[in-house]
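1. The following comprises the amino acid sequence and a computationally predicted model.
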Amino acid sequence: MSNLILEAAIARFRLMQRMRTELAETKRALEERKVIDRAKGLLMRARGISEDEAYALLRRTAMDQGRRVADVAEALVTAAGLLG
């Protein structure tokens, strides 16, 4: 009986760990999406291009530099903030 209780507690613990991990990943993805959207907005205003063109530019730059789109977007947003 106590073995079943222990197994159930372990299973519950693992489920909660998976849920915490999924939540953290979802929050990170949402934050990255926000930064990418901000970077697209900056590019759209600065270059007078569409949202699709702005995203394509971010993607192309990321691929050329071997970086993630979110990292390129973060660098662009940071640089724009420094430039005022």
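-> Good, I have the coordinates.
2. switch to C-alpha atoms for all contacts and neighbour counts from now on
-> Fine.
3. tell me the helices in this structure, going along the chain?
-> Residue ranges of the helices in the chain, as given by DSSP state H, are 2-47, 51-65, 69-83.
4. any chance of those in CSV, plus mean neighbour count?
-> Supplementary listing: these in CSV, determined by neighbours: other C-alpha atoms under 10 Å:
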stretch, mean neighbour count
helix 2-47, 14
helix 51-65, 16
helix 69-83, 16
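5. okay, the ones you listed in CSV with mean pLDDT next?
-> Output for these, formatted as CSV (pLDDT from 0 to 100):
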stretch, mean pLDDT
helix 2-47, 96
helix 51-65, 98
helix 69-83, 96
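6. CA-only coordinates of stretch 20-35 in CSV, if you can.
-> These are the backbone C-alpha positions of stretch 20-35, laid out as CSV (Å, rounded to 0.1, in the frame of the first residue of the first chain):
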residue,chain,number,x,y,z
ARG,A,20,6.6,24.0,-14.7
THR,A,21,9.0,23.4,-17.6
GLU,A,22,6.2,23.8,-20.2
LEU,A,23,5.1,27.0,-18.5
ALA,A,24,8.6,28.4,-18.4
GLU,A,25,9.1,27.5,-22.1
THR,A,26,5.7,29.1,-23.0
LYS,A,27,6.6,32.3,-21.1
ARG,A,28,10.0,32.5,-22.9
ALA,A,29,8.4,32.0,-26.3
LEU,A,30,5.9,34.8,-25.6
GLU,A,31,8.6,37.2,-24.6
GLU,A,32,10.6,36.3,-27.7
ARG,A,33,7.5,36.9,-29.8
LYS,A,34,7.0,40.3,-28.2
VAL,A,35,10.7,41.3,-29.0
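7. outside of that stretch, which residues touch it?
-> Applying C-alpha atoms under 8 Å, 6 or more residues apart in numbering, the contact partners of stretch 20-35 are 70, 73-74, 77.
8. ends of stretch 59-79, how far apart?
-> With C-alpha to C-alpha, to the nearest Å applied, stretch 59-79 spans 18 Å between its terminal residues.
9. what does that stretch rub up against?
-> Applying C-alpha under 8 Å, 6+ apart, the contact partners of stretch 59-79 are 32-33, 35-36, 38-40, 42, 58.
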